[in-house]
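J.: Sequence first, then the predicted structure, then my questions.
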Amino acid sequence: MALPLPPPGPDHYTARRSRWLAAPDRHTHPPAPQSHARLQRLLNHPDPHSDPVWNRGINQVWEGFKNGSRLKHRLPMSLVIKIIHAAWRRDPETWPPDAVAPDSDETGHVPDAKPP
């Protein structure tokens, strides 16, 4: 049984943080299926948004995301982000062909925007 927490304030925060950091991982996850390794290999390709790579499985996962389908297995967030990025690169309205992302969002320069 957990010890009571101090009243709200810095001591409460410190106690909660200590418990959270010390808590053992109670969630055991089964080993990642082979499909994750295959998906990782596809997403590590220099052009995962290209048709030959996209059509080997990334498209199926993306369609599931778009349609709100449940995943059969948990996916690491790093893979989810790569899938979304590849899908954006395939969409000419989201990511125009030959567009290059800036190195940083902290440049202070705001590109000219066309009024709606």
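T.: Great, that's in hand. Numbering: from 1, shown residues only.

J.: List the buried residues in the helix or strand of the chain with the lowest mean pLDDT.
T.: Least confident helix or strand, the chain: helix 10-22 with a mean of 88, by mean pLDDT, DSSP states H and E. By 16 or more other Cβ atoms under 10 Å, helix 10-22 has no buried positions at all. Heads up, the C-betas are built off the backbone N, CA and C, glycines and all.

J.: Now it - C-alpha only, CSV.
T.: This file holds the C-alpha atoms of helix 10-22, laid out as CSV (Å, rounded to 0.1, in the frame of the first residue of the first chain):
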residue,chain,number,x,y,z
PRO,A,10,6.6,21.4,-3.6
ASP,A,11,6.8,18.4,-1.2
HIS,A,12,3.8,16.8,-2.9
TYR,A,13,5.4,17.2,-6.3
THR,A,14,8.7,15.8,-5.0
ALA,A,15,7.0,12.8,-3.5
ARG,A,16,4.9,12.1,-6.6
ARG,A,17,8.0,12.4,-8.8
SER,A,18,10.0,10.1,-6.7
ARG,A,19,7.3,7.4,-6.8
TRP,A,20,6.9,7.8,-10.5
LEU,A,21,10.6,7.5,-11.2
ALA,A,22,11.0,4.5,-8.8
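
J.: Tell me the helices and strands packed up against whatever helix or strand residue 63 lives in.
T.: Residue 63 belongs to helix 59-67 when assigned by DSSP states H and E. Where contact means 3 or more Cβ pairs under 8 Å, 6 or more residues apart in numbering; DSSP states H and E, helix 59-67 is packed against helix 77-90.
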